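J.: return atomic coordinates for the entry below.
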Amino acid sequence: MAEVQAPISGNDYDRVAIITGADSGIGRASAAALAARGFDIGLTYRGDEKGARETAEEVAAHGRRAAVRQHDLTDPVAASAVVDELADELGGVGVLVNNAGTGSATHLLDMDFDEWRSVLSVDLDGAFLCAQRAARRMRDRGAGGRIINITSVHEEFPRVGSGPYCAAKGGLKMLARTLALELSRYGITVNTIAPGEIATPMTGQDDEPPRPGSRPGYPIDRPGDAREVAAAVAFLADPSASYITGASLFVDGGLTQMGPQAAPLLDSPDWRQG
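T.: Below is the predicted model:
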């Protein structure tokens with residue numbers, strides 16, 4: 001009888017993680033969490049070089065190497081080359097965290113095509129191209145790997161005024177699931193993490209500590225902390241998560257459970273305005 005070859009477990013992948021948009025918030029917290037677990041970190045930023053350097057200092061405080069690159073995903077083809085640059089500098093890539101993102105606040109009927117395309121370019125096109133470059137290197141290395149896409153609860157649930165953002169995050173979810181099928185043969189897992197409201201600069205909270213009781217409409221009545229999302233990133237990046245792929249992990253304090261429960265309590269149509 002022919003010997004049956006065991007599937008690639010992905011336990012020997014490079015201890016290098018590339019994290020896009022790591023100058024603050026979830027990206028910075030994820031860099032620190034993975035550095036604490038023995039990863040060297042390649043990190044990118046769009047405009048906040050000071051924030052990126054501060055993230056690199058946090059990585060160095062854990063005794064790991066950090067490499068920093070500027071990365072503007074409004075030109076996703078050019079920007080995705082940074083994945084290869086960082087991998088070359090650090091000696092490989094075993095984990096990619098697609099975290100960089102942007103949004104909008106315009107109703108779809110008032111939105112011009114350039115605004116629509118700008119959000120899709122950063123949140124979906126850029127993530128695809130970065131994942132493609134990282135996955136090719138993981139495949140060629142032959143030791144497996146991890147791709148983790150930071151989406152949002154809006155990968156599943158819509159929001160007025162956030163049409164392109166919701167479309168991109170929903171697309172990123174399905175991209176991850178398709179990649180999970182196609183990359184499984186190489187021992188590469190692909191998953192999404194879908195945060196709810198997290199206290200970060202992106203939500204206008206400047207990495208503030210979440211205040212209990214401040215969000216009475218959430219089952220856990222506060223915003224999340226970026227470190228709580230980073231803990232989920234670290235879990236999915238770990239070899240022990242090798243049997244999880246094509247999944248979406250919601251880190252939202254139960255927010256997405258509240259539709260039927262909360263909707264009858266609305267006494268104003270103001271939600272239609274976004």
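
J.: and stretch 219-226, how far apart are its ends?
T.: Length of stretch 219-226, first residue to last, CA to CA, to the nearest Å: 18 Å.

J.: try stretch 242-255
T.: End-to-end distance (CA to CA), stretch 242-255: 28 Å.

J.: name the surrounding residues that touch it.
T.: With contacts defined as CB atoms under 8 Å, 6 or more residues apart in numbering, stretch 242-255 is touched by 9-11, 144, 151, 153, 155-156, 173, 176-177, 180-181, 184, 187, 189-198, 215, 218-224, 228-229, 232, 236, 256. C-beta here means a position set from N, CA and C on the backbone, and glycine is covered the same way.

J.: at 6 Å what do you get?
T.: With contact meaning CB atoms under 6 Å, 6 or more residues apart in numbering, stretch 242-255 is reached by 9-10, 153, 173, 177, 180, 189-196, 218-220, 224, 229, 232.

J.: do stretch 217-228 as well
T.: Counting by CB under 6 Å, 6+ apart, 25-26, 29, 197-200, 210-215, 253-255, 262 sit against stretch 217-228.

J.: stretch 45-53 too?
T.: D23, S24, V68, D72.

J.: list the pairing partners of the helix or strand containing V68 within its sheet, with orientation.
T.: Per DSSP states H and E: V68 is located in strand 66-70. Counting by DSSP bridges, the strands paired with strand 66-70 are strand 40-45 (parallel).

J.: so what's S30 up against?
T.: Counting by CB under 6 Å, 6+ apart, S30 makes contact with I19, V97, A230, V233.

J.: which residue is the nearest non-sequential neighbour of the second one?
T.: Spatially, and ignoring its direct neighbours in sequence, V97 is nearest to I19 (4.3 Å; CB to CB, 6 or more residues apart in numbering).

J.: how many residues are close by the closest residue to K173 other than its chain neighbours?
T.: Nearest non-adjacent residue to K173, counting by CB to CB, 6+ apart: E155, 4.2 Å away. E155: 22 surrounding residues under other CB atoms under 10 Å.

J.: any figure for the gap between E155 and L172?
T.: Separation of E155 from L172 (CB to CB, to the nearest Å): 7 Å.

J.: got it, and E57?
T.: Taking CB to CB, one finds E57 at 30 Å from L172.

J.: looking at those two, which is more packed in?
T.: Neighbour count, other CB under 10 Å: between E57 and L172, L172 has more, with 24 against 10.

J.: state the pLDDT value of that one.
T.: pLDDT, L172: 98.

J.: now the helix or strand containing it: buried residues?
T.: In the assignment (DSSP H and E), L172 maps to helix 163-183. Buried residues in helix 163-183, defined by neighbour count with 16 or more other CB atoms under 10 Å: 163-173, 175-177, 179-180, 183.

J.: quick one: neighbours of the residue nearest to V97, just the number.
T.: Considering only other CB under 10 Å, I19 is surrounded by 30 other residues.

J.: residues in contact with it?
T.: With contact set as CB under 6 Å, 6+ apart, I19 has these partners: G27, S30, A31, L43, V97, N99.

J.: look up which residues are beta-bridged to the fifth one.
T.: On the basis of DSSP bridges, V97 takes part in beta bridges with I19, I148.

J.: got a pLDDT number for it?
T.: 98.

J.: thought it was touching R146?
T.: No: between V97 and R146 there is no contact under CB atoms under 6 Å: 8.6 Å.

J.: can you pull out the helices in this protein?
T.: 25-36, 49-61, 76-90, 113-120, 126-141, 163-183, 226-237, 259-262 (DSSP state H).

J.: what's the most buried one of the ones you listed?
T.: helix 25-36 (a mean of 26; mean count of other CB atoms under 10 Å).

J.: show me which of the contacts of stretch 242-255 are buried.
T.: 10, 153, 173, 177, 180, 189-196, 218, 224, 229, 232.
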